[in-house]
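**Student:** Everything below, folded, please.
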Amino acid sequence: MTPEELTLVCAAEELEIAARRWTPIWVVCVGAHPYVRSWYRRDTGWFAHVLKAGRAAVRVPGLQIDVTVEDIGALPAGLRSDIDAAYRTKYGRYGAGGVGPMVTDAAAATTLRLS
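**Tutor:** Numbers count the residues shown, from 1 in each chain. Take a look at the predicted model:
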């Protein structure tokens, strides 16, 4: 991802990800990496398809690109807290019922890094 592409992805409210069809999901950036999560790991749906393929297409306003997807699951404590904080900061306006499920242990275990 170029610096310009990273800027567009990080600035987006959400991105759409596709392995088979477009699905809107929340995205946060920590350092030079965008991260996405499912609020629970599923064996079907966008998460399973993207995880199995190891790649996906993503789009945000002004950009559509192909990315590789890395399952980082068990996160180092510092990175996990940074990603959790990024979710709380970016999406906290939705309240605990919105952002809360995205910062649980189960959600953290579904963390994917997009490259």
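**Student:** Nearest residue to the middle of this structure?
**Tutor:** In the chain, the centroid-proximal residue (C-alpha atoms, centre = their mean) is V36; its distance is 0.9 Å.
**Student:** and A32, how many neighbours?
**Tutor:** 10 (other C-beta atoms under 10 Å). The C-beta positions use only the backbone N, C-alpha and C, and glycine is treated the same way.
**Student:** wait, what's in contact with it?
**Tutor:** Counting by C-beta atoms under 8 Å, 6 or more residues apart in numbering, A32 touches L6.
**Student:** State the distance from it to T2.
**Tutor:** 11 Å (C-beta to C-beta, to the nearest Å).
**Student:** swap in G45?
**Tutor:** 29 Å.
**Student:** repeat for Y87
**Tutor:** 25 Å.
**Student:** Between those two, tell me which one has more neighbours.
**Tutor:** Y87 (22 against 9).
**Student:** Pull out the buried positions in stretch 49-59.
**Tutor:** Under the neighbour-count criterion of 16 or more other C-beta atoms under 10 Å, stretch 49-59 has 49-51, 56, 58-59 buried.
**Student:** Q64: how many residues sit nearby?
**Tutor:** Q64, neighbours per other C-beta under 10 Å, totals 13.
**Student:** Apart from its neighbours in sequence, what residue is nearest E70?
**Tutor:** Excluding the flanking residues, the one nearest E70 by C-beta to C-beta, 6 or more residues apart in numbering is R113, at 4.4 Å.
**Student:** tell me the contacts of that neighbour?
**Tutor:** Residues near R113 by C-beta under 8 Å, 6+ apart: 33-35, 69-70, 72.
**Student:** That one is in what secondary structure piece?
**Tutor:** Using DSSP states H and E, R113 sits in strand 112-114.
**Student:** next one: I65
**Tutor:** Assigned by DSSP H and E, I65 falls in strand 63-71.
**Student:** thinking again about what came up before, can you lay out the buried residues of stretch 49-59 as JSON lines showing secondary structure, distance to A12 and pLDDT?
**Tutor:** Below are those laid out as JSON lines (DSSP: H, G, I helix; E, B strand; the rest coil; distance: C-beta to C-beta, whole Å; pLDDT from 0 to 100):
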{"residue": "H49", "secondary structure": "helix", "distance to A12": "21", "pLDDT": "92"}
{"residue": "V50", "secondary structure": "helix", "distance to A12": "17", "pLDDT": "93"}
{"residue": "L51", "secondary structure": "helix", "distance to A12": "21", "pLDDT": "91"}
{"residue": "A56", "secondary structure": "strand", "distance to A12": "15", "pLDDT": "95"}
{"residue": "V58", "secondary structure": "strand", "distance to A12": "9", "pLDDT": "96"}
{"residue": "R59", "secondary structure": "strand", "distance to A12": "9", "pLDDT": "95"}
